[in-house]
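Student: Sequence and predicted structure, then a few things I'm wondering about:
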Amino acid sequence: MLQTWTSAQVRAAEEPLLALGVPLMERAAFALHVRTAAVLRERRRAVAGARVVVLAGPGNNGGDALYAGALLARRGVEVHAVVTAERVHEGGLSALLQARGRALRVDGSVDDAAALAAGADLVLDGLLGIGSDGSGLRGAAGALVQAILDLGRPYVVAVDVPSGLGVDDGRRDGIALDADLTVTFGGLKPGLLLPPGTHAAGRVELVDLGLDLAGVPAVVRLEPGDVADLWPVPASDAHKYTRGVLGVVAGSRAYQGAAVLTTSAAVQAGIGMVRYLGDVGDVVVAAHPEVVVGHGRVQAWVFGPGVSPDDAGQRRRIEYAFEHVRERGEAAVVDAGALELLPAHVGPHAVLTPHAGELARVLTQRGETVDRAAVEAEPLRWARRTHELTGATVLLKGPVTVVAGAQGAAYAQADAPAWLSTAGAGDVLAGLLGALLAGRVDAIHEDPSLAAALAATAALVHGRAAHRANPGGPISARAVADALPATIAELLGR
Ligand SMILES: NC(=O)C1=CN([C@@H]2O[C@H](COP(=O)(O)OP(=O)(O)OC[C@H]3O[C@@H](n4cnc5c(N)ncnc54)[C@H](O)[C@@H]3O)[C@@H](O)[C@H]2O)[C@@H](O)CC1
Ligand SMILES: [K+]
């Protein structure tokens, strides 16, 4: 898994090493120069003779960039530093000047500096690092970046983080400089994985500085190798009831496909048994003869795919089953039409699966003034707020899926191809996640944060199945469900 650490956690881990005199900045700058040289070699075959512009802000981020610039200058790169503030890292600046780099201070007009940067082979962005207040670039740095963007963005290597982004939350409030490559030091930062910031980071490379980062990571991204530890693989003495039974309240005469896709995903994700409740049991059984129609004991539910607001029968079933979720601790996936039926308080064993617009509605019903755009601007913040207000685990769907759950658990998963944004894909995710919850409901009650890990697992498997369904091309939701068995086998075999 990838773990991320807040600015405060990184600083705390740096302190004892700095106190011992460990040369962290030298390490960071050396690694930065090596990776920058590799990019130059890749893009123009030779390092010597390249033109690099270092954007140097007031702090140590500028120091990293200036020292790296000095090392590049010693390798024959033509390096210009653009200094944007009164304060600059003096050691870094004099190292660059000694290496025959040149420096230009932005005083008044930013035009010359912007033209220099826009015409460079590569720009090293050392304007702001983990000392950023996250409000976007202000003053001369903001004006300079805006002028560079107006001329056309050159190839940018962000030093530690793209300047102007919220390092800890991925917010993008004002002017920020998008990067092609981010070379980050000591540990990944949450803003590099969380949307919208993650889209500004480009490729991310981590430089190990030997920091001892302890405690709970801020945001986690599961990787394929993590799935086997979380998946409910049946024990040798398992039978269908011990493996988990999933109740599905989905679909209606108007939306029959949702019932088929949800149950299909659950069956193909390896659940012990699926019970279907609703008006289109005949269609469901025709597609999957394994499904049992009608009531009975279950360990988990999926509520909502294809359930419209005027569907009185399905709504009644969901309201009734929510009582079991609250009183008997059955787990639940709460999707689409069921979100508005969510009781005032559930628990983390209920997982909401809204997209941004639906999450905004859930929050608005609970007195928060927030719309879809606000959720998209700060997805983790609003997923967390929803967890606080409802007790539920929240899986917020989007190009990057954000999960917030009990005990501060937070995940950001970016596993799916863009082709997956297609009708019915959410129904497949709901069925898949339902199967996971049904298989591990007892463990969730022992460790409520597990629901968030399982939600992230479902997002990962869903995305991988989409890739497998048709690598590099269009995919139907049904093809994703059909790709689940082989995808899961492959992930468990790692
Ligand atoms: N502590 C260390 O020894 C190490 C630090 N490292 C580097 O140092 C960086 C952190 O350095 P600093 O703490 O000096 O912080 P920064 O270099 O991020 O600079 C922060 C300063 O920028 C200004 N500022 C904040 N928000 C702004 C905004 N929105 N617009 C304009 N100006 C703003 C403030 O004056 C603030 O003091 C890291 O990101 C990393 O690049 C690395 O060299 C590794 C070791
Ligand atoms: K930076």
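Tutor: The structure has been received and is ready for your questions. Ligands and ions are numbered 1, 2, ... in the order given.

Student: Tell me the confidence at Gly139?
Tutor: At Gly139, the predicted lDDT confidence score is 95.

Student: Actually, Val145.
Tutor: With respect to pLDDT, Val145 has a value of 98.

Student: can the helix or strand containing it be found next to ligand 2?
Tutor: Using DSSP states H and E, Val145 maps to helix 139-151. No: using Cβ under 5 Å from the ion, helix 139-151 stays clear of ligand 2, coming no nearer than 10.2 Å. To be clear about C-beta, it is placed using only N, CA and C from the backbone, and glycine gets the same treatment.

Student: can you list contacts of that helix?
Tutor: With Cβ atoms under 8 Å, 6 or more residues apart in numbering as the contact definition, helix 139-151 has outside contacts at 55, 57, 82, 84-85, 106, 110-111, 113-115, 117-118, 123, 127-128, 136-137, 154, 163-164, 174-177.

Student: which parts of it are buried?
Tutor: Neighbour counts over helix 139-151 (16 or more other Cβ atoms under 10 Å) mark Ala140, Ala141, Gly142, Ala143, Leu144, Val145, Ala147, Ile148 as buried.

Student: how close does the last one get to Val249?
Tutor: It stands for Ile148. From Ile148 over to Val249 the distance is 54 Å, taken as Cβ to Cβ, to the nearest Å.

Student: And for the fifth one?
Tutor: Remark: distance between Leu144 and Val249 (Cβ to Cβ) = 56 Å.

Student: swap in Gly197?
Tutor: Noted for Gly197: a distance of 37 Å to Val249, by Cβ to Cβ.

Student: where in the stretch 251-400 of the chain is pLDDT low?
Tutor: Along the stretch 251-400 of the chain, the model assigns pLDDT under 70 to no residue.

Student: Which stretches in it count as strands?
Tutor: Under the criterion DSSP state E, counting those that start in this stretch, the stretch 251-400 of the chain carries strands at the ranges 273-277, 292-293, 300-303, 331-334, 350-352, 393-396.

Student: could you dump the last one to PDB, C-alpha only?
Tutor: Read that as strand 393-396. Once non-C-alpha atoms are left out, strand 393-396 reads as follows in PDB (Å, rounded to 0.1, in the frame of the first residue of the first chain):
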ATOM      1  CA  THR A 393     -18.500   4.500   6.100                       C
ATOM      2  CA  VAL A 394     -18.400   6.600   3.000                       C
ATOM      3  CA  LEU A 395     -17.200   5.600  -0.500                       C
ATOM      4  CA  LEU A 396     -17.300   8.600  -2.700                       C
END
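
Student: what mean pLDDT does stretch 91-106 have?
Tutor: On average, stretch 91-106 scores 98.

Student: Quick one: end-to-end distance for it.
Tutor: Distance across stretch 91-106, first residue to last, is 19 Å (Cα to Cα, to the nearest Å).

Student: Could you check which helix or strand contains Ala70?
Tutor: With DSSP H and E as the criterion, Ala70 is inside helix 60-74.

Student: For ligand 1, which of the strands of the stretch 251-400 of the chain is the nearest?
Tutor: Judged by Cβ to the nearest ligand atom, the one of the strands of the stretch 251-400 of the chain that comes nearest to ligand 1 is strand 393-396, at 26.7 Å.

Student: partners of that closest one in the sheet?
Tutor: Partners of strand 393-396 in the sheet, by DSSP bridges, are strand 350-352 (parallel), strand 401-404 (antiparallel).

Student: Secondary structure element for Thr36, which one?
Tutor: With secondary structure defined by DSSP H and E, Thr36 is part of helix 24-44.

Student: any idea how far the closest residue to Ala430 other than its chain neighbours is from ligand 1?
Tutor: Computed as Cβ to Cβ, 6 or more residues apart in numbering, the closest residue to Ala430 that is not its neighbour in sequence is Asp335, at 4.4 Å. Asp335 is 39 Å from ligand 1, where distance means Cβ to the nearest ligand atom, to the nearest Å.

Student: Now for Asp335, how many residues are close by?
Tutor: For Asp335, the tally of surrounding residues (other Cβ atoms under 10 Å) stands at 30.

Student: And for Ala453?
Tutor: Applying other Cβ under 10 Å, I find that Ala453 has 24 neighbouring residues.

Student: Three-state assignment for it, please.
Tutor: For Ala453, the reduced secondary structure class is helix; criterion used: DSSP: H, G, I helix; E, B strand; the rest coil.

Student: which residues does it contact?
Tutor: With contact taken as Cβ under 8 Å, 6+ apart, Ala453 is in contact with Leu222, Leu230, Gly405, Ala409, Tyr411.

Student: need the residues of the stretch 101-250 of the chain near ligand 1, please.
Tutor: Taking Cβ under 6 Å from any ligand atom as the measure of proximity, the stretch 101-250 of the chain contacts ligand 1 at 128-133, 135-139, 141, 159-160, 185.
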